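# Sharing a model prediction with you, sequence too.
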Amino acid sequence: MYHEGGREVTEDLEAQIAFGHVRFHVERLDEASCVDGQHQVLVKWLGLDDEELSWEPAANLLDDIPVVFRKWVASNK
């Protein structure tokens, strides 16, 4: 990987750059929240630690993983 001389490129930075164009797969959906009228779901990403969970817009999950999302919603009513 190219980097300018004299600049420290850490492994974490290289990993972030390398994963910049990678789509992650959902391992599980944990909980739901509504912030300012925006429904969100806490997502555990496959292959990432629990510290990497992130809140994702429910609309995005409905578009990206509709079957999994609908089953999760139905089982969490």
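Noted; the coordinates are in hand.
# what's the closest residue to Ser33 other than its chain neighbours in contact with, if anything?
Beyond its immediate neighbours in the sequence, the residue positioned closest to Ser33 (C-beta to C-beta, 6 or more residues apart in numbering) is Gln40, lying 5.0 Å away. (Each C-beta comes from the backbone N, C-alpha and C, glycine too.) By C-beta atoms under 8 Å, 6 or more residues apart in numbering, the contact list for Gln40 reads Ala32, Ser33, Cys34, Trp55, Glu56, Pro57, Ala58.
# tell me which residues form a beta bridge with Gln40?
Beta-bridge partners of Gln40, counted by DSSP bridges, are Ser33, Pro57.
# do the same with the one 4 residues further on
Residues found in beta-bridge contact with Lys44 (criterion: DSSP bridges) are Arg28.
# show me where the chain has strands.
Under the criterion DSSP state E, the chain contains strands at 26-35, 38-45, 54-57.
# Mean pLDDT and distance to Ser75 for those - can I get that in JSON lines?
Conversion of the strands of the chain to JSON lines gives the following (pLDDT from 0 to 100; distance: least, C-beta to C-beta, whole Å):
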{"stretch": "strand 26-35", "mean pLDDT": "95", "distance to Ser75": "10"}
{"stretch": "strand 38-45", "mean pLDDT": "96", "distance to Ser75": "13"}
{"stretch": "strand 54-57", "mean pLDDT": "96", "distance to Ser75": "18"}
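# on that earlier part again, want to throw the contacts of Gln40 into TSV with neighbour count and distance to Lys71?
Supplementary listing: the contacts of Gln40 in TSV, determined by neighbours: other C-beta atoms under 10 Å; distance: C-beta to C-beta, whole Å:
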residue	neighbour count	distance to Lys71
Ala32	14	14
Ser33	11	19
Cys34	9	20
Trp55	15	20
Glu56	16	16
Pro57	12	18
Ala58	18	14
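# got the residues you listed as JSON lines, with distance to Gly47 columns?
Written out in JSON lines, the entries for the contacts of Gln40 read as follows (distance: C-beta to C-beta, whole Å):
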{"residue": "Ala32", "distance to Gly47": "23"}
{"residue": "Ser33", "distance to Gly47": "24"}
{"residue": "Cys34", "distance to Gly47": "28"}
{"residue": "Trp55", "distance to Gly47": "19"}
{"residue": "Glu56", "distance to Gly47": "16"}
{"residue": "Pro57", "distance to Gly47": "22"}
{"residue": "Ala58", "distance to Gly47": "23"}
